[in-house]
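>>> Need a 3D model of the sequence below.
(one chain, ligands or ions: 1)
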Amino acid sequence: MAKHLVTAPRRPTRAIRVGSVVIGGDAPISVQSMTNTPTRDIPATARQIRLLAEAGADMVRVSCPDMDAAQAMGPLVRESQVPLIADIHFDYRLALAALDRGTQGLRINPGNIGSRQRVLEVVRAARDHGASIRIGVNAGSLEKELLNRYGEPCPQAMVDSALGHIRILEELDFREIKISLKASSVGMTVAAYRLLAKQVDYPLHLGITEAGGLLPGAVKSAIGLGLLLAEGIGDTLRVSLTADPVEEIRVGFEILKALHLRSHGVNIISCPTCSRQEFNVIEVVAQLERQLAHIREPVPLSVIGCIVNGPGEAKETAVGLVGGQGGHLLYRDGRPCGKVNDADIVSRLVAEVEQAAEKMRRDKQENSSS
Ligand code: SF4
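As a prediction, this is how the structure comes out:
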């Protein structure tokens, strides 16, 4: 199906790295999340990092509230398939310990860690280890002086806070920086990013903070991040949900997929269902989502309850199923190729999608080697 792009050209930024992942420049917009296990519980945290990586996370952030947690970064980095970012507040020694143990990125606000000497030590260690730093401004924890000046959290106060932290790092000639400006208000967040995007060329990490549970959080994030991404703003993102962090990765990719900014996994097109449905579309799609979660290739799959819209959608997808009386019609590459009964719908569609994914993998390999 033709892609009708709704996004402006990407805002040009410098490219930085978190380990093997490039952020900004021409790099794909990356998706990240954060662990919520106690970091010092290394097996539990390593397991959660693995689950996030399997769900597609490009990198994972880990809180380091104390020295045990900072020291745990060593084994966690060694076990992780993706780069890790240590989230640190106030205590520069935790940043040094995490960097020493191979952590590829820091989230730390240099204005919050005390003397210039301490900032210098962190910057030196980050440079020595090839790590980058995210300045993470949060509307809920703005500096007192800014709150006095502006009276309350507002986009300009958030931007001023970010510029203050940026200045500290630039004075030390450190530019491996990305920036976030998060608020729980969609409007304030969007306005803050728009303002900052005009003033710096650092990559931006997008997020709506404290967005709520899965449904309200996904909706707020889709609107806030969607508005910015459609304007070409944003180089990496984290969807914050009061839910399993794996859901944050899923929602993040869905936002990018909806805007055709990144492909990831099977793209299921399914109808909202009505009394015309010839099979239980909701149940089938729920099972397919679970059983196809391992597929990375962007296979388009349509699952439509009846012939009203089914054939039209099936013609545009690699695999399609259209509900029908006396057997449901299976489509491959837009053409009908057989009938399926109720009991076999899921297993047949999984097999067809796996085949289509395998073909995509082979084609990609052939194209890259030719
Ligand atoms: Fe109803 Fe058919 Fe439309 Fe699905 S495709 S919502 S079953 S009319």
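>>> roughly how far out does the helix or strand hosting residue 179 sit from the chain middle?
Per DSSP states H and E: residue 179 is located in strand 177-182. Centre-to-centre, strand 177-182 and its host chain are 14 Å apart (Cα atoms, centre = their mean, to the nearest Å).
>>> Which helix or strand lies directly C-terminal to that strand?
For strand 177-182, the following helix or strand on the C-terminal side (DSSP H and E) is helix 186-197.
>>> Bridged to the most centrally placed residue in the chain, which residues?
Geometric centre of the chain, nearest residue: residue 31, 2.3 Å, by Cα atoms, centre = their mean. Here residue 31 sits in beta bridges with residue 237, going by DSSP bridges.
>>> if I look at it, how far off is residue 251?
Counting by Cβ to Cβ, to the nearest Å, the separation of residue 31 from residue 251 is 9 Å. In this view, the C-beta of every residue, glycine as well, is placed from N, C-alpha and C.
>>> Kindly report the residues of the stretch 251-370 of the chain close to the ligand.
Proximity of the stretch 251-370 of the chain to the ligand, by Cβ under 6 Å from any ligand atom, involves residues 271, 272, 273, 274, 276, 277, 304, 305, 306, 308, 309.
>>> Of those residues, which count as buried by neighbour count?
271, 273, 277, 304, 305, 306 (16 or more other Cβ atoms under 10 Å).
>>> Next up, the contacts around the third one.
The neighbours of residue 277, taking Cβ atoms under 8 Å, 6 or more residues apart in numbering as the test, are 271, 305, 306, 323.
>>> Report the contact partners of the first one.
The one in question is residue 271. Contacts of residue 271 (Cβ under 8 Å, 6+ apart): 277, 281, 303, 304, 305, 306, 309, 310.
>>> In CSV: the residues you listed, plus pLDDT, distance to residue 236 and secondary structure.
Output for the contacts of residue 271, formatted as CSV (pLDDT from 0 to 100; distance: Cβ to Cβ, whole Å; DSSP: H, G, I helix; E, B strand; the rest coil):
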residue, pLDDT, distance to residue 236, secondary structure
277, 97, 39, coil
281, 97, 35, helix
303, 97, 32, strand
304, 97, 35, strand
305, 97, 38, coil
306, 96, 41, coil
309, 89, 36, coil
310, 91, 38, helix
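>>> Tell me the secondary structure at residue 228.
Recorded secondary structure, residue 228: helix (DSSP: H, G, I helix; E, B strand; the rest coil).
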